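Undergrad: A predicted structure for the sequence below; I have some questions about it.
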Amino acid sequence: MTMLRNFTAVLPVTCNADCGFCPEKEMEQKAKPKDWQEALIDSIVDNEHRVDHVSISGGEPTLRMNFLFETIDEILSRTGIGNVGLTTNGRFLESPNSVLKFLDLNTDRLLRSKLSHLNISMHSFDRALANKIMGVEYSWTMDDLVRFRRQLGRDVSFHINFVLNEHNIKNIEHEFIAARDFMHANPLIDVVFRVDYNNAKLNKDLRAYGQSVEAWRESTRGSIKEEKAARKRILKQPKMLQMFDDIFNGSLVDSLSDWLPSTDGPNTSACPSCFTHQSPEINNSFAWLKASSYEPNDDEPEFTELVFHMDGKLYYDWSRNTPAKKDTWSPAKAEKAVRRIRRSRFDLEPKAEEPKAKAVKKRPAKNKKVEFDASDLEETNTFRRKEEQMPKGGTCSYDDRGKCNYRG
């Protein structure tokens, strides 16, 4: 059994945008909404012991806002998942009435947010460029977004998503600077820069660097020689990462001794198919640089998430090439397996003692000559002479060297 990090549910709705890098293009076959919803709940229940949250995307989910929040209510009430996130292109921000409807549907009876995290895709701080990338004609501004963020409440993790693509990567330094200035002025809004899947070289360079950082962390538990060799490798940062650190005022190279995640400095983590780099804290927020690749691939033979697509079926990938098999592991079976592995690996439970074999006394062979050392014979004679000289009724105690200390 593999512990997966994420369960993505792709709502069976169309999208008003046309992003060239979107992995979820329009599907000809969509399940009926109610059938899709029931199949989704069944898939989550079957796998809830190995995922920690559910993320909803599309299409553009807010095109069917009632169905979106009905699905969120079903997840929260009928499964064991307590964290649900949403990715949207912010279409509802175009209309004040849509904003109010979103806030109303997202609020439960105890006035808490149903969503644990919300991602709004923009792809540029320049409104005209953002519209060009997404193929839309939005007019909402950053002020509208900040106002909505305040209304949503601080308990919701709030991210602005940027995909580094052919339209904005040439001017990415400007986007980094705009993000830094925006975060300094507006707290509790993270900005996430993700490398387009199609940019294979940058993806590979960042993932390779991330693996070098992980190797350095591991080497700090080994020899000094290994640590120095690993440190040398991570001094060579990709140019994109150098620019990111320069603008967001933090460099991993300057804090190599601080290998645990910290708000005082940047932090890098990676797996064979993923890379995540976090900036130092900026006004209770963070900037992120992320890269990943489709799975499985040459670097990552295993899958790390589950995707429930518009057709009402569960897959291991976004391409729908690998349908997910139903996991027959129940939480009880999983816990039992973990205990068994721990016992076998660490011997946590004592093993039953085996009965000891009876010792067999060896008898000296007959007619075997017993040889005495001359010094042993002399020591025996000396002891006998001393014993004969002792008055009757006394005692003799012997020290460590065998010397007699007579007491009358």
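TA: Structure's in. What do you need?

Undergrad: list the strands paired with the longest strand along the chain, with their directions.
TA: Counting residues, the longest strand found in the chain (DSSP state E) is strand 157-164. Looking at strand 157-164 with DSSP bridges, its partner strands are strand 117-121 (parallel), strand 190-195 (parallel).

Undergrad: any idea what residue 121 is bridged to?
TA: residue 161.

Undergrad: neighbours around it, how many?
TA: Neighbours of residue 121 under the rule other C-beta atoms under 10 Å: 23. No exception for glycine: its C-beta is placed from N, CA and C like everyone else's.

Undergrad: what's the helix or strand for residue 175?
TA: According to DSSP states H and E, residue 175 maps onto helix 172-185.

Undergrad: now what about that helix, what contacts it?
TA: Helix 172-185 is touched from outside by 124-125, 142, 160, 162, 164, 168, 189-191, 193, 240, 243-244, 247-248, 282-283, 285, 287, with contacts defined as C-beta atoms under 8 Å, 6 or more residues apart in numbering.

Undergrad: what segments of the chain are helices?
TA: 33-47, 65-78, 96-106, 127-134, 142-152, 172-185, 200-219, 224-234, 239-247, 331-346, 374-389 (DSSP state H).

Undergrad: quick check: which of the ones you listed is nearest to residue 314?
TA: Closest of those to residue 314 is helix 33-47, at 4.6 Å (criterion: C-beta to C-beta).

Undergrad: now the angle from the closest one to helix 65-78?
TA: 30 degrees (axes from the mean of the first three to the mean of the last three C-alpha atoms, to 10 degrees).

Undergrad: and the contacts of helix 33-47?
TA: 4, 7, 9, 12, 30-31, 51, 54, 64, 67, 70-71, 74-75, 78-81, 306, 308, 310, 312-314, 324, 326-327.

Undergrad: now, those that are in strands?
TA: Those of those lying in strands (DSSP E): 7, 9, 54, 306, 308, 314.

Undergrad: identify the farthest-apart pair in those residues.
TA: Across the ones in strands among the contacts of helix 33-47 (C-beta to C-beta), the longest gap, 12.2 Å, separates 54 and 314.

Undergrad: who's more crowded, those two?
TA: Neighbours of residue 54 and residue 314, each counted by other C-beta under 10 Å, are more numerous for residue 54; the result is 26 against 21.

Undergrad: the more buried one touches residue 78, doesn't it?
TA: No: using C-beta atoms under 8 Å, residue 54 is not in contact with residue 78, being 11.9 Å away.

Undergrad: most tightly packed of the strands paired with strand 157-164?
TA: Among the strands paired with strand 157-164, the stretch with the highest mean neighbour count (mean count of other C-beta atoms under 10 Å) is strand 190-195, at a mean of 22.

Undergrad: distance from the chain centre to that one, please.
TA: 17 Å (C-alpha atoms, centre = their mean, to the nearest Å).

Undergrad: report pLDDT for the nearest residue to residue 64 once chain neighbours are set aside.
TA: Distances taken as C-beta to C-beta, 6 or more residues apart in numbering put residue 13 closest to residue 64, at 5.0 Å, once the chain neighbours are dropped. Listed pLDDT for residue 13 reads 92.

Undergrad: in TSV, list the helices of the chain along with mean neighbour count, mean pLDDT and distance to residue 59.
TA: Converted to TSV, these look like this (neighbours: other C-beta atoms under 10 Å; pLDDT from 0 to 100; distance: least, C-beta to C-beta, whole Å):
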stretch	mean neighbour count	mean pLDDT	distance to residue 59
helix 33-47	17	95	12
helix 65-78	17	97	10
helix 96-106	15	98	16
helix 127-134	17	96	13
helix 142-152	15	97	21
helix 172-185	17	96	26
helix 200-219	18	87	25
helix 224-234	14	74	40
helix 239-247	18	93	30
helix 331-346	11	49	32
helix 374-389	10	52	99
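
Undergrad: for residue 269, which of those is the nearest?
TA: helix 200-219 (6.9 Å).
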